[in-house]
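>>> Starting from these lines, generate the structure:
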Amino acid sequence: MSSRTKFANILGIACLILAGACHGPAGPVASPAHAARGSALPIATGTEGALGAMPRAAFAVPEAAPLGLTASDGTGLRLATLDARAVVDGPLAFTELHLAFENPEDRVIEGTFRIALPQGASIGRFAMKIGDEWQEGEVVEKEAARIAYEDFLHRKQDPALMEKSAGNEFSARVFPIPARGTKELVVSYVHEIPDGTYTLPLKGLAQVGALDARVHVIGAAKDPAPLSIRSGKPAADVVVDAKALLPAAFASAAMTGVREGELAILRVKPQSTTKPEPLASVVVLVDTSASRALGFEDEVTLVKRLVERVAKEGGTITIAAFDQNVAPIYEGRAAAFSDADLERLRARGALGASNLERALGWAKDHAKKAGEKRVVVISDGVATAGQNDAGKLGAAAAKLREAGVERIDALALGGIRDEAALLRLVRGNLAHDGIVTEARDAARAIARLGEATRSGVPVKVEGATWSWPAKLDGVQAGDAFTIYAEVPAGKPVRVSLDGGAAQVVETRATERPLLERAVAQAKVIALVERAAAPGAPKDITRQITSLGVKHRIVTPYTSMLVLETEADYARFGIDRRSLADVLAVEGNGVKRIHRTFRALPVATPPVREDDSVDDALMASAGAPRPGTPAQAARPAPRPAANEMRKRAMSEPMMEKDEAPAKSAPAPRGAAAPEAKPTESPRPARMAARPPPAAHAG
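Next up, the predicted model:
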């Protein structure tokens, strides 16, 4: 028996023990973060090859939950109620979730709330019930949010800071969760559905006390049937096909849209014909990091179907598995690929970190030697080792050009994934742009790999004072894109695609709140793109921050912060006298909830024993104390401790025996190699765990 097989069997036995400890009468209660990020439980996904002769069924792991609240000891809290309401308006969808989690303990606890959003979704609201009052999260400038957050940690209190985690996952600390009580939360988000299909992710949730989900499609004659579950698990996501309910809006028309006043959001199809681009010689990079554990068998099946497609074209294929290292699996004629080769991939299993940069470098060297023209990446796109900056990974993809590679594509999979990072890989780097396509529909995804793309397709909205995007990339036949525009009220909306004659777009009148929020989000994206380009205006970050605060949009420069009282906001100079309206589902539409400021006295925080030390340190450092209207603020936390807490809260924790190696490549399952000083080290997701219950003062 090889050492690798022995190690896998030991892991399997350990995971069975842990799985037994984490299951009760109500089913699995393991942290959703553990399932999604590939910690101990997901390692035991169970394949005959990966775990020796042990039966695969013994290692079955539940689907990654799309949301959950995890206590600081890693225990997942039971979801007592989930009330979901969604409104679909043309190419937009607004989703509002009311959640209640139960605390089974006889003590007050804290936890971490996580939610995986649809790709491209934008958080608009995060509120928690504290006592009998709802406290809304406020979008504030990121540095101000961090100052407040770190100060609260210093006082051993936990604010809620909603920020983007890996890919499309958002997380926030939740406090306090009352003993033998419930913690109620509200989360809402906006996202595009240009293809007309709305999805509410539910699959993977454990036992739910009561679940109700309703979707309203504006303009449809009737709504889809609601979903209601009592004391059970949802077997699947809620999927609504708006095309079936509104055939006129999604039929053969190349352009449709919704409008209110000067705001217009359009759905366009720039291309109706297709051109083949054969898969004749391909390097396939298969992500076998720990985050892929939950869907690993589906990933293996996807590889098999891709090989079959290349074999039909008489092509050659190279398959390599990557985590923090790269392991070649097969090289040669696709027609000669056998089940034994597939077993080698299956036996590798899913374990370790994800070094996409290293995988691209390996593909470059191999393609240069073997003459392959195409690269296909099968991954969630979340890099946890090596380079993780999307722009720099795009630069690594551009180096494939030196090896003669003409196109790179990505088959995206996993509930938590970073499609934006994958898009940076496939566009603007090689002779032909590739695509990022959902791998769930394997037949359609692989078929698209064999179709050519077009990029730089110009879009012009006549008479618009602002529109975005100005061009479309990676276009294939039948693809739908969303165009945002501001056209003076009363004037028709006329759009020209690819230099053709302008066409009048028939738009349906609708309500303003959702449109206004979506247009603001598009402006933020456009500004962020400009900020990354050379010669960007100096005040561009200020513009992004201003839009984010005004329209409640979490941007690269803003965060959503929930503090416990109005006085806490006042202590840190966070203005709540000009509160942005909150969007909510009312009846069959999306309405604004106007908020008014309710002044509360500024409470003087308790004096700690080391406050005098803090004062001396801050005075010697010349650091200002956070201001308050009454200048009654406590001293800011010490600078050195500040930085340590910042790192601790922004990165997963590692145990001492998981410290990154400094020389030879780490074995699979170990933490990522030590990063260079200029990088932001991100340990393997398998090593991640919830932050500790208490923080050093």
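>>> in stretch 326-338, what counts as buried?
For stretch 326-338, burial by neighbour count (16 or more other Cβ atoms under 10 Å) applies to Val326, Ala327, Ile329, Tyr330, Glu331, Ala334, Phe337. In this view, the C-beta of every residue, glycine as well, is placed from N, C-alpha and C.
>>> Okay, and which of those map to helices?
Using DSSP state H, no member of the buried residues of stretch 326-338 sits in helices.
>>> okay, the residues you listed in CSV with pLDDT and distance to Ala518 next?
Shown next, in CSV, are these (pLDDT from 0 to 100; distance: Cβ to Cβ, whole Å):
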residue, pLDDT, distance to Ala518
Val326, 96, 41
Ala327, 95, 44
Ile329, 97, 44
Tyr330, 97, 45
Glu331, 96, 47
Ala334, 96, 44
Phe337, 96, 46
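>>> Need the max-distance pair from these.
The span of the buried residues of stretch 326-338, defined through Cβ to Cβ, is set by Val326 and Ala334 at 20.1 Å.
>>> sorry, back to before: of all the buried residues of stretch 326-338, which comes closest to Ser188?
Closest approach to Ser188 among those (Cβ to Cβ): Val326, at 41.4 Å.
>>> ok, the closest one - contacts?
For Val326, the contact set (Cβ atoms under 8 Å, 6 or more residues apart in numbering) comprises Ala320, Arg358, Ala359, Trp362.
>>> Would you state the strands of the stretch 151-300 of the chain in chain order?
Secondary structure of the stretch 151-300 of the chain, counting by DSSP state E, counting those that start in this stretch: strands at 160-164, 169-177, 182-192, 197-200, 208-217, 227-232, 238-241, 255-260, 263-268, 281-287.
>>> Now do the fourth one: which elements does it pack against?
Which is strand 197-200. strand 78-89, strand 208-217, strand 238-241, helix 242-245 (3 or more Cβ pairs under 8 Å, 6 or more residues apart in numbering; DSSP states H and E).
>>> Excluding residues flanking it in the chain, which one is nearest Leu77?
In this structure, Leu77 finds its nearest non-sequential neighbour in Phe101, 4.2 Å apart by Cβ to Cβ, 6 or more residues apart in numbering.
>>> typo on my end, it should be Tyr198
Nearest residue to Tyr198, sequence neighbours excluded (Cβ to Cβ, 6+ apart): Val240, at 4.4 Å.
>>> Ramachandran angles for the residue nearest to Leu77?
phi -110, psi 140 (degrees, to the nearest 10).
>>> Contacts for stretch 205-215, please.
Against stretch 205-215 from outside (Cβ under 8 Å, 6+ apart): 26-29, 62, 65-68, 76, 78-88, 102, 198, 200, 202, 223-224, 226-234, 238, 240.
>>> Tell me, how many residues neighbour the nearest residue to Val282 once chain neighbours are set aside?
Take Val282 and drop its neighbours on the chain: the residue closest to it by Cβ to Cβ, 6+ apart is Arg374, 4.5 Å away. Using other Cβ atoms under 10 Å, Arg374 has 26 neighbouring residues.
>>> what sits against Arg374?
Residues in contact with Arg374 (Cβ under 8 Å, 6+ apart) are Leu279, Ala280, Ser281, Val282, Val283, Val405, Glu406, Arg407, Ile408, Asp409.
>>> and these, which are buried?
Buried subset of these (neighbour count, 16+ other Cβ under 10 Å): Leu279, Ser281, Val282, Val283, Val405, Glu406, Arg407, Ile408, Asp409.
>>> wait, doesn't the fifth one sit right on Lys373?
Think Val405. Yes - because the distance of 6.2 Å satisfies Cβ atoms under 8 Å, Val405 is recorded as touching Lys373.
>>> so what sits against both of the two?
Ala367.
>>> okay, and the helix or strand of this structure with the least pLDDT?
Ranked by mean pLDDT, DSSP states H and E, the helix or strand of the chain with the weakest confidence is helix 40-43, at a mean of 24.
>>> so who does Val140 touch?
Residues in contact with Val140 (Cβ under 8 Å, 6+ apart) are Val549, Thr558, Ser559, Met560, Leu561, Ile574.
>>> With respect to Ala431, which of those residues is nearest?
Thr558 (37.9 Å).
>>> now the closest one: how far from Thr545?
6 Å (Cβ to Cβ, to the nearest Å).
>>> Kindly report the same for Ala335.
56 Å.
>>> that older thread, turn the contacts of Val326 into TSV, including pLDDT and secondary structure.
Below are the contacts of Val326 laid out as TSV (pLDDT from 0 to 100; DSSP: H, G, I helix; E, B strand; the rest coil):
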residue	pLDDT	secondary structure
Ala320	97	strand
Arg358	95	helix
Ala359	96	helix
Trp362	97	helix
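>>> Kindly indicate which of the residues you listed lies nearest Glu96.
Ranked by distance to Glu96 (Cβ to Cβ), the contacts of Val326 are led by Ala359 at 39.2 Å.
>>> quick one: contacts for that closest one?
Here Ala359 is in contact with Leu285, Ala320, Phe322, Val326, Val377 (criterion: Cβ under 8 Å, 6+ apart).
>>> so how far is Val284 from it?
Following Cβ to Cβ, the distance that separates Ala359 from Val284 is 11 Å.
>>> between the two, what contacts are shared?
Listed contacts common to Ala359 and Val284 are Ala320; contacts here mean Cβ under 8 Å, 6+ apart.
>>> give me the number of residues near the residue lying closest to Ala477 once chain neighbours are set aside?
Among residues not flanking Ala477 along the chain, Thr274 sits closest, at 3.9 Å (Cβ to Cβ, 6+ apart). The number of residues packed near Thr274 is 14, by other Cβ under 10 Å.
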